[in-house]
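*Asks:* compute the structure for the input listed below.
(one chain, ligands or ions: 1)
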Amino acid sequence: MHSTREYNFDGLVGPSHNYAGLSFGNVASFSNVKSASNPKQAALQGLAKMRALAARGFAQALLPPQNRPNFRLLRSIGFTGTDAEVLARAYKESPVILACAYSASPMWTANAATVSPSADTQDGRVHFTAANLNNKLHRAFEHAQSARSLRAIFGDEKHFAVHDALPSTPAFGDEGAANHTRLGAYHGAPSVELFVYGRVEFDPSAPSPKRYPARQTLEASQAVARLHGLDAKRTVYVQQNPEVIDQGVFHNDVIAVGNGNVLFYHEQAFANEGESLSQLRRAVAATDADLQALRVDTGQVPIQDAVTSYLFNSQLLTKEGGKMALVIPQECQENRAVSRYLDGLVASGGPIDELIHFDLRQSMRNGGGPACLRLRVALTETEARAMHQGVIMTETLYHRLVQWVEKHYRDHLEPGDLADPQLALEVHAALEELTIILNLPGLYDL
Ligand SMILES: NCCC[C@H](NC(=O)CCC(=O)O)C(=O)O
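*Replies:* Presented below is the predicted three-dimensional model:
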């Protein structure tokens, strides 16, 4: 039973990674708008994280980038002609929409889907629902390829069910696993699935943020739980604190992370902390596990520091022996309050006894930390064997992908470069080769 392992599927950063300021409510995205990006470095930073965690013995895999630019989007809104003409006209008339069509945002695979492992579902299969991400134009078209990629990897319907995204309308705003976490005794145990929503479409009296959008609705979370066949006794919905959404906490994974029986969270994370925690504690106790809440208070880490350092956008990974490592971005060490807090945390004798830090600056500048970059999929041994093996991170795959990045990626991309028709051809060539490397022919609708 304990043979179930949590695979982390990191997003391989695509060749068009750029800073377009497309995510209102995401402070990093907004403050780095139009600065030059380095797609090559971004991809190498992500690969270095995958390699290091795989080398440590954690189960590590990847999800491929998506084809860009999204010509279907550009043509559907009236940009016609050859591909080069479409790009030239879009750049002239609406550079921001061209940037949307070029966004490498699928790298943040925590938003690709919500995943329920087989131990939690009624039919005993692993369920995935692609997230519609309908709050942002540049992300609202990801779900089609996300579902396609997931089906290419988890195609065995005996073990896996991949659901299409929920209807793409504000009532069903769904941001995937970034607002979802599991709590239980161990990865293979039937566990509590915690859904954190930002607003309720059909209850105008529920609190909602004033400044920035709440991307996830309760209605969407409930729909995902239904599709996955979750047990109501092990499903908990809590509302995110609208006041922290207004301070830049655009997903729950910017303010809380759970693993095993541990919930690491900020005291301001939830609209009603006391009630949320007792609800969760009761549900977890019913699975015969004991919730261990690691609460960080505002005096230790103010919200602003949590947002700039991405302390809670860390990965909490169970090591052999049961202790946990916290995988953090290097920004946590550069922030005084946060690094002081972390020193105390690992010295405290609690469940977390190690920090593993990475330089993920390229992704961080768009508001994506270690946890944003990965989708967790807990798999039994049988399920792990049934998935496509070509995406599992190994030393060989790592070296092959580094070579591929070196060959195809630019090291400098500015807004004006998106008008260059050559860039579209480069992306296309890179992805064609990638389907061979990953042994996923037909992955894209090229
Ligand atoms: N989970 C982290 C997601 C980060 C992502 N940023 C972006 O899309 C920024 C893109 C840009 O501004 O170029 C978002 O906000 O959804």
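
*Asks:* excluding its backbone neighbours, what's nearest residue 279?
*Replies:* Take residue 279 and drop its neighbours on the chain: the residue closest to it by Cβ to Cβ, 6 or more residues apart in numbering is residue 236, 5.6 Å away. To be clear about C-beta, it is placed using only N, CA and C from the backbone, and glycine gets the same treatment.

*Asks:* got the buried residues for the helix or strand bottoming out on mean pLDDT in the chain?
*Replies:* Ranked by mean pLDDT, DSSP states H and E, the weakest helix or strand in the chain is helix 27-31, scoring a mean of 93. If you call a residue buried by 16 or more other Cβ atoms under 10 Å, then helix 27-31 has these buried ones: 27, 28, 29, 30.

*Asks:* need the nearest residue in space to the first one, chain neighbours excluded.
*Replies:* Meaning residue 27. Using Cβ to Cβ, 6+ apart, the nearest residue to residue 27 is residue 248, at 4.0 Å.

*Asks:* next one: the second one
*Replies:* Of all residues beyond its chain neighbours, the one nearest residue 28 is residue 367 (3.9 Å), with distances taken as Cβ to Cβ, 6+ apart.

*Asks:* got the phi/psi numbers for the residue lying farthest from the centre of the chain?
*Replies:* Here the chain reaches farthest from its C-alpha mean at residue 81, the gap being 35.2 Å by Cα atoms, centre = their mean. Main-chain torsions, residue 81, degrees, to the nearest 10: phi 110, psi -160.

*Asks:* so it is in contact with residue 89, correct?
*Replies:* Yes - if you go by Cβ atoms under 8 Å, residue 81 and residue 89 touch, sitting 7.1 Å apart.

*Asks:* what number of residues are in the vicinity of the residue nearest to residue 27?
*Replies:* 22 (other Cβ atoms under 10 Å).

*Asks:* correct me if wrong: it contacts residue 209.
*Replies:* No - look at residue 248 against residue 209 with Cβ under 8 Å: they stay out of range, at 10.7 Å.

*Asks:* burial measure for the residue nearest to residue 28, as a count.
*Replies:* 25.

*Asks:* so it versus residue 108, what's the distance?
*Replies:* Counting by Cβ to Cβ, to the nearest Å, the gap from residue 367 to residue 108 is 8 Å.

*Asks:* and the residue nearest to residue 70 when sequence neighbours are not counted, what does it touch?
*Replies:* Distance criterion Cβ to Cβ, 6+ apart; nearest residue to residue 70, sequence neighbours excluded, is residue 101 at 4.3 Å. By Cβ atoms under 8 Å, 6 or more residues apart in numbering, residue 101 lies in contact with 68, 69, 70, 71, 73, 74, 90, 138.

*Asks:* restricted to helices, list those.
*Replies:* Counted as lying in helices by DSSP state H, out of the contacts of residue 101, are 71, 73, 74, 90.

*Asks:* most neighbours of all the residues you listed, which one?
*Replies:* Among these, residue 90 has the most neighbours (other Cβ under 10 Å), with 27 neighbours.

*Asks:* any idea how many residues pack against the residue lying closest to it once chain neighbours are set aside?
*Replies:* Nearest non-adjacent residue to residue 90, counting by Cβ to Cβ, 6+ apart: residue 98, 4.2 Å away. Neighbour count of residue 98, defined by other Cβ under 10 Å: 25.

*Asks:* is it true that residue 98 lies in a strand?
*Replies:* No - according to DSSP: H, G, I helix; E, B strand; the rest coil, residue 98 belongs to no strand; its state is helix.

*Asks:* report the separation between it and residue 396.
*Replies:* Taken as Cβ to Cβ, the span from residue 98 to residue 396 is 37 Å.

*Asks:* ok, residue 368 next?
*Replies:* Distance of residue 368 to residue 396, computed by Cβ to Cβ: 27 Å.

*Asks:* what's the closest non-adjacent residue to the residue nearest the centre of the chain?
*Replies:* The residue lying closest to the centre of the chain (Cα atoms, centre = their mean) is residue 110, at 1.6 Å. Closest residue to residue 110 apart from its sequence neighbours, by Cβ to Cβ, 6+ apart: residue 178 at 4.4 Å.

*Asks:* assign the one you found to helix, strand or coil.
*Replies:* Following three-state DSSP, residue 178 is assigned to helix.

*Asks:* could you measure from the residue nearest to residue 53 when sequence neighbours are not counted over to residue 398?
*Replies:* Computed as Cβ to Cβ, 6+ apart, the closest residue to residue 53 that is not its neighbour in sequence is residue 60, at 5.2 Å. Distance, residue 60 to residue 398, by Cβ to Cβ: 10 Å.

*Asks:* which neighbours do these two share?
*Replies:* Between them, residue 60 and residue 398 share the contacting residues 50, 54, judged by Cβ under 8 Å, 6+ apart.

*Asks:* okay, those two: which has more neighbours?
*Replies:* Ranked by neighbour count (other Cβ under 10 Å), residue 60 and residue 398 place residue 60 first, with 24 against 19.

*Asks:* model confidence for the more buried one, exactly?
*Replies:* On pLDDT, residue 60 comes in at 98.

*Asks:* do the same with residue 354
*Replies:* If you check residue 354, the pLDDT there is 98.

*Asks:* spell out the secondary structure type for it.
*Replies:* With three-state DSSP as the basis, residue 354 sits in strand.
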